[in-house]
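**Student:** Could you look at this predicted model? Sequence included:
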Amino acid sequence: MKKDLAVIFGLFLLIAFILIFGKGYSSGSFFTASQSTQSASVKKGYTVVKIRDLVVNAKLASNPNDRKKGLSKMDSLPIDSGMLFVFETSGDYAFWMKDMKFPIDIIWIDENKRIVSIVQYATPEPGRKDAELTQYKSNLNSKYVLEVNAGLTQRSNIQVGDTADFQL
C-alpha cells in the first residue's frame, strides 16, 4: 500500500514539474506540428502557409536583404518551419543553394496563390564557386516562393496547380 502511494505521489510530482517547467522545451515536443505552427503564427515577420495537409510556420523574406540571405548558413530547419519569399511583383525568380547546409523543396506560387512549379530535394553544393551553383527556377512567373525541408512536398502530395493559403 505504501509503495503504491509512493508511485502515485512520484507521478504527481513529475506531472507538476512538467507543467511548471515544461514551457522551456520546444513546442514540437508537446504539440503536433499544426498546433505549434498556429501558436507561432502570431509572431511578427511570420505567417502560416497551408497547402493540402502541409502546415508550415514560415518566416517572411520580403526585403532584398532577407531574400538574399534566405535559409543559408542555418544548420537545419524545424520540420514544421520554412521561409516564404515575398516579391513586390510577379517575375522569373531563380534560387540557388549558396551556403546551404541541408536539402530543401522549393515551391513557386503565383499572385493567385496557385503553385506553378516545384523543385524537390534541391541539395547543397559545398565547395562550388558562385558561377557553378545550380540555379533553380520556374517556367512561369511567381510572386511568392516557399522553401521547406526536402521531402515535405512529396509526403504531402503537393502538386502544381494546388492552392496555398496564407495571410501577409
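**Tutor:** All right, it came through fine. Just so we're clear, the structure is a prediction, and the values are computed from it rather than from any experiment.
**Student:** Next up, the contacts around the most centrally placed residue in the chain.
**Tutor:** With distances taken as C-alpha atoms, centre = their mean, the residue of the chain nearest its centroid is residue 82 (1.9 Å). Contact partners of residue 82, counting by C-beta atoms under 8 Å, 6 or more residues apart in numbering, are 49, 56, 57, 58, 59, 146, 147, 148, 149. Using the backbone N, CA and C atoms, a C-beta is placed for each residue, glycine as well.
**Student:** let's see 7 Å
**Tutor:** Going by C-beta atoms under 7 Å, 6 or more residues apart in numbering, residue 82 touches 49, 56, 58, 146, 147, 148.
**Student:** Look up phi and psi at the closest residue to the fourth one other than its chain neighbours.
**Tutor:** If I follow you right, that is residue 146. Residue nearest to residue 146 in three dimensions, not counting chain neighbours: residue 107, with 4.3 Å by C-beta to C-beta, 6 or more residues apart in numbering. When read as degrees, to the nearest 10, the backbone of residue 107 gives phi -120, psi 120.
**Student:** ok, residue 107 - contacts?
**Tutor:** Neighbour list for residue 107: 115, 118, 145, 146, 153 [criterion: C-beta under 7 Å, 6+ apart].
**Student:** Which of the three states applies to the second one?
**Tutor:** If I follow you right, that is residue 118. Following DSSP: H, G, I helix; E, B strand; the rest coil, residue 118 is assigned to strand.
**Student:** swap in the third one?
**Tutor:** For residue 145, the secondary structure call by three-state DSSP comes out as strand.
**Student:** partners of it in the sheet?
**Tutor:** The partner list for residue 145 in beta bridges (DSSP bridges) reads residue 85, residue 108.
**Student:** Could I get the contacting residues of it?
**Tutor:** Neighbour list for residue 145: 85, 93, 95, 106, 107, 108, 109 [criterion: C-beta under 7 Å, 6+ apart].
**Student:** contacting residues around the second one?
**Tutor:** Which is residue 93. Neighbouring residues of residue 93 by C-beta under 7 Å, 6+ apart: 87, 137, 142, 145.
**Student:** same deal with residue 119?
**Tutor:** Counted by C-beta under 7 Å, 6+ apart, residue 119 has contacts 105, 106, 136.
**Student:** Now secondary structure too, for those, in JSON lines please.
**Tutor:** Shown next, in JSON lines, are those (three-state DSSP):
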{"residue": "105", "secondary structure": "strand"}
{"residue": "106", "secondary structure": "strand"}
{"residue": "136", "secondary structure": "strand"}
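**Student:** got JSON lines for those residues, with pLDDT too?
**Tutor:** Below are the contacts of residue 119 laid out as JSON lines (pLDDT from 0 to 100):
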{"residue": "105", "pLDDT": "96"}
{"residue": "106", "pLDDT": "96"}
{"residue": "136", "pLDDT": "95"}
